[in-house]
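K.L.:
Take this sequence and fold it.
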Amino acid sequence: MADTNGLIAALTQLSDAPPAPRGPRCTVGTILDALDAATAQKVRDVLGSPAISATQIADTLTASGHPVQAPAVARHRRRGASNGCRCPR
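P.N.:
Alright, predicted model coming up:
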C-alpha cells in the first residue's frame with residue numbers, strides 16, 4: 001500500500017500556495033515600477049483623471065522613452081475589473 005500521508009501533505013501544500021501569476025506583467029505597472037516615486041505618483045494621478053485620455057497618456061509616456069499603447073493604459077485603468085489588468089487597485 002502506498003504512503004498517503006506524504007501525498008496528502010504535498011497536495012495540501014499545493015492548495016495553500018498562492019496562485020502563480022498568469023501572463024506577462026502589465027506594461028503600465030512595469031513602467032510605474034521603473035520610475036522614481038514622485039514621477040510614478042504623477043503618472044498615477046494622471047491615470048486617475050478621466051479628463052485625460054488613454055491615448056494622451058500613452059503618447060506622453062512613449063515620447064518620454066516608456067513605450068506603451070493606449071489599450072494597455074485603458075486596461076490598467078480598469079485594474080481589478082474582469083477586463084482590466086492584474087495590478088493591485
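K.L.:
Could you use CA atoms for every contact and neighbour count after this?
P.N.:
OK.
K.L.:
ok, Q13 to S49 distance?
P.N.:
43 Å (C-alpha to C-alpha, to the nearest Å).
K.L.:
R78 now?
P.N.:
13 Å.
K.L.:
And the helices in this structure?
P.N.:
Assigned by DSSP state H, the helices in the chain fall at 4-16, 27-34, 37-47, 54-63, 70-77.
K.L.:
between the second one and helix 54-63, how many degrees?
P.N.:
This points to helix 27-34. 50 degrees (axes from the mean of the first three to the mean of the last three C-alpha atoms, to 10 degrees).
K.L.:
Buried residues in helix 27-34, which are they?
P.N.:
27-29, 32 (16 or more other C-alpha atoms under 10 Å).
K.L.:
swap in the last one?
P.N.:
Going by neighbour count (16+ other C-alpha under 10 Å), the buried part of helix 70-77 is 72-77.
K.L.:
possible to save these as TSV with distance to T55?
P.N.:
Converted to TSV, those look like this (distance: C-alpha to C-alpha, whole Å):
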residue	distance to T55
A72	10
V73	8
A74	9
R75	12
H76	13
R77	12
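K.L.:
So which of the residues you listed is the closest to D59?
P.N.:
Set against D59, the nearest of the buried residues of helix 70-77 by C-alpha to C-alpha is V73 (10.3 Å).
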